[in-house]
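Student: Build the 3D model from these lines:
(one chain, ligands or ions: 1)
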Amino acid sequence: MIIPFRKMHGLGNDFVVLDARATPLPVSPDRAAAIADRRTGIGCDQFIVMEPGEGGAEVFMRIRNPDGSEAGACGNATRCVAELVMTESGRDALSVRTISGELPSERLPDGTIRVDMGPARLGWDEVPLARAMDTLHLPLSAEGVSDPAGLSMGNPHATFFVPDLAALDIPRIGPALEHDPFFPERANIGFVQVLAPDHLKLVVWERGAGLTLACGTGACAALVNAARRGLSARAATVSLPGGDLRIEWREDGHVLMSGPAATAFTGMIDLDAYPA
Ligand SMILES: N[C@H](CCC[C@H](N)C(=O)O)C(=O)O
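Tutor: Have a look, this model is predicted:
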């Protein structure tokens, strides 16, 4: 089955996007993982399938990590899918639905995309954690880091605050933290250096994907956790290796994320060349 694909990215967090809105596509977790492979497939940080929208949403977005695991949210991909559907429909506002909820999105005058990523979920059972506790201070540590804050943006996040990101060996400490039994569904692990109350520097070890150039939900988690700790204002620029996102934790608990979305190239793929 030969079909078109679109290669997109948000600040270098990259995606293969397939369109299954008109016709269902046979994409198993194994096939998604094979296509996401950077040597034997197209390669991407997350594999995205657009499905027919439901409720008030124009499109449903299915998110899989390169290990085949399904994720409940992906901020950078949400901006990409929103931009794609806005451009094809000539609209500047629409909603993208995921398994975690409906995400109202709009194109701003400067061409960036702003998404209401929904509420930050702060309960231990929402993250989720393995047992009841205050999510503001988690009893977790690794070399050079300790005492993270946790939350969910529709996917699990732990945020460590450090004096100097450059001193960390994230590829070495990331995997064990991602898989800590403390996180029954694993977790995305963010490392934040607070530069100013309105400026955070962030690197994320992503669940099921590892080190990425940017993580939209990770930036949302970093801002909310910094504000909860009194380390930042409720709105800040979050600088990731791939570039900057603007994040605001609104008084109603919703988190707004603004940033770019880009298409790198399009092509055709033969799904039958990949494991069923
Ligand atoms: N690895 C994440 C999904 C992608 C998140 C990230 N790429 C973003 O932009 O939010 C997870 O398993 O929850």
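
Student: CA atoms for contacts and neighbours, from now on please.
Tutor: Fine.

Student: count of residues packed around the closest residue to the ligand within the stretch 1-150 of the chain?
Tutor: Minimum separation of the stretch 1-150 of the chain from the ligand (Cα to the nearest ligand atom) falls at Cys74, amounting to 3.4 Å. The burial metric for Cys74, expressed as a neighbour count using other Cα atoms under 10 Å, is 25.

Student: And Arg21, by the same measure?
Tutor: By the criterion of other Cα under 10 Å, Arg21 has 16 neighbours.

Student: Report the contact partners of it.
Tutor: Neighbouring residues of Arg21 by Cα atoms under 8 Å, 6 or more residues apart in numbering: 50-53, 59.

Student: mind running it again at 10 Å?
Tutor: If you count contacts by Cα atoms under 10 Å, 6 or more residues apart in numbering, Arg21 has them with 49-53, 58-61.

Student: Also Asp270?
Tutor: Under the contact definition (Cα under 10 Å, 6+ apart), the residues listed for Asp270 are 1-5.

Student: May I have the beta-bridge partners of it?
Tutor: With DSSP bridges as the criterion, the beta-bridge partners of Asp270 are Ile2.

Student: Tell me the spacing between it and Asn65.
Tutor: 20 Å (Cα to Cα, to the nearest Å).

Student: now swap in Asp198 and tell me
Tutor: As judged by Cα to Cα, Asp198 and Asn65 stand 30 Å apart.

Student: who's more crowded, these two?
Tutor: Residue environment comparison for Asp198 versus Asn65 gives the larger neighbour count to Asn65, 24 against 18, counting by other Cα under 10 Å.

Student: Thought Ala71 was touching the more buried one, still the case?
Tutor: Yes: judged on Cα atoms under 10 Å, Asn65 makes contact with Ala71 at a distance of 6.9 Å.

Student: and for those two, which residues touch both?
Tutor: Between them, Asn65 and Ala71 share these contacting residues under Cα under 10 Å, 6+ apart: 46, 207-208.

Student: looking at those, which has the most residues close by?
Tutor: Busiest of the shared contacts of Asn65 and Ala71 [other Cα under 10 Å] is Gln46, holding 30 neighbours.

Student: Which residue, other than its chain neighbours, is closest to that one?
Tutor: Asn65 (4.7 Å; Cα to Cα, 6 or more residues apart in numbering).

Student: residues contacting that neighbour?
Tutor: Under the criterion of Cα under 10 Å, 6+ apart, the contact list for Asn65 reads 15, 29, 32-33, 36, 44-48, 71, 74, 206-210.

Student: Pull out the buried members of the residues you listed.
Tutor: Among the contacts of Asn65, those buried by neighbour count (16 or more other Cα atoms under 10 Å) are 15, 29, 32-33, 36, 44-48, 71, 74, 206-210.
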